[in-house]
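Q: Predicted model, plus sequence, below.
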Amino acid sequence: MEEQGRTKRIGVVVIELLIFVEIFVLCTVVSLGLFARADAMSRESRVNELALSGAQTLAESFKATGGDLDRTAALCGGTADHGRLTVALEEDVRLVMTVERADFPRIGTLTAYRDSESLLVWQIAAMEVVP
């Protein structure tokens, strides 16, 4: 009789342990998914911050040079070609400035790209930056 009670208790303990392990595994899977998502968001935020900082620098350089793309390219380490200025930032982020109006004030668009996806677009002028 005493062995039957001991066997029942061992069975109950084993079932409780299995339930505990299942709950622990479920919590681990959920936590790992959340950590992976947080890491991806952190990387995306860093790329957006890089693009924004680079775009601000490029727009301020454009303004400081009075709208001269060649001088802006020299200041920012980019290339100017036919009214289009391209500056490559680290990784796969690049900035493209396109001048749409050659007379004063020069008006254009500043776009930050990651791969082929547009991250941000600013309308700019030689004497004014409008985000």
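A: That came through fine. Numbers count the residues shown, from 1 in each chain.

Q: what are the ranges of the helices in this protein?
A: Along the chain, counting by DSSP state H, helices occupy 2-64, 69-76.

Q: Can you tell me which of those helices is nearest to Leu119?
A: Of all these, it is helix 2-64 that lies closest to Leu119, at 4.7 Å by C-beta to C-beta. Heads up, the C-betas are built off the backbone N, CA and C, glycines and all.

Q: The closest one to helix 69-76, inter-axis angle?
A: 130 degrees (axes from the mean of the first three to the mean of the last three C-alpha atoms, to 10 degrees).

Q: How far does helix 2-64 sit from its chain's centre?
A: 20 Å (C-alpha atoms, centre = their mean, to the nearest Å).

Q: residues contacting the residue nearest in space to the middle of the chain?
A: The centre of the chain sits closest to Glu44, judged by C-alpha atoms, centre = their mean, with a distance of 2.6 Å. By C-beta atoms under 8 Å, 6 or more residues apart in numbering, no residues touch Glu44.

Q: if we can go back for a sec, and the helices of the chain as TSV, adding mean pLDDT?
A: Listed next are the helices of the chain as TSV, based on pLDDT from 0 to 100:
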stretch	mean pLDDT
helix 2-64	88
helix 69-76	87
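
Q: Looking at those helices, which is nearest to Gly108?
A: It is, among these and with distance given as C-beta to C-beta, helix 2-64, at 7.9 Å.

Q: Give the rounded mean pLDDT of stretch 117-125.
A: For stretch 117-125, mean pLDDT is 80.

Q: CA atoms only: put that stretch into PDB for me.
A: Output of stretch 117-125 as PDB, limited to C-alpha atoms (Å, rounded to 0.1, in the frame of the first residue of the first chain):
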ATOM      1  CA  GLU A 117      14.300  51.600 -50.600                       C
ATOM      2  CA  SER A 118      13.800  55.300 -49.900                       C
ATOM      3  CA  LEU A 119      14.400  56.100 -46.200                       C
ATOM      4  CA  LEU A 120      13.700  59.800 -46.300                       C
ATOM      5  CA  VAL A 121      13.100  62.600 -48.800                       C
ATOM      6  CA  TRP A 122      13.800  66.300 -48.200                       C
ATOM      7  CA  GLN A 123      12.900  69.200 -50.400                       C
ATOM      8  CA  ILE A 124      15.800  71.600 -50.300                       C
ATOM      9  CA  ALA A 125      16.800  75.100 -51.600                       C
END
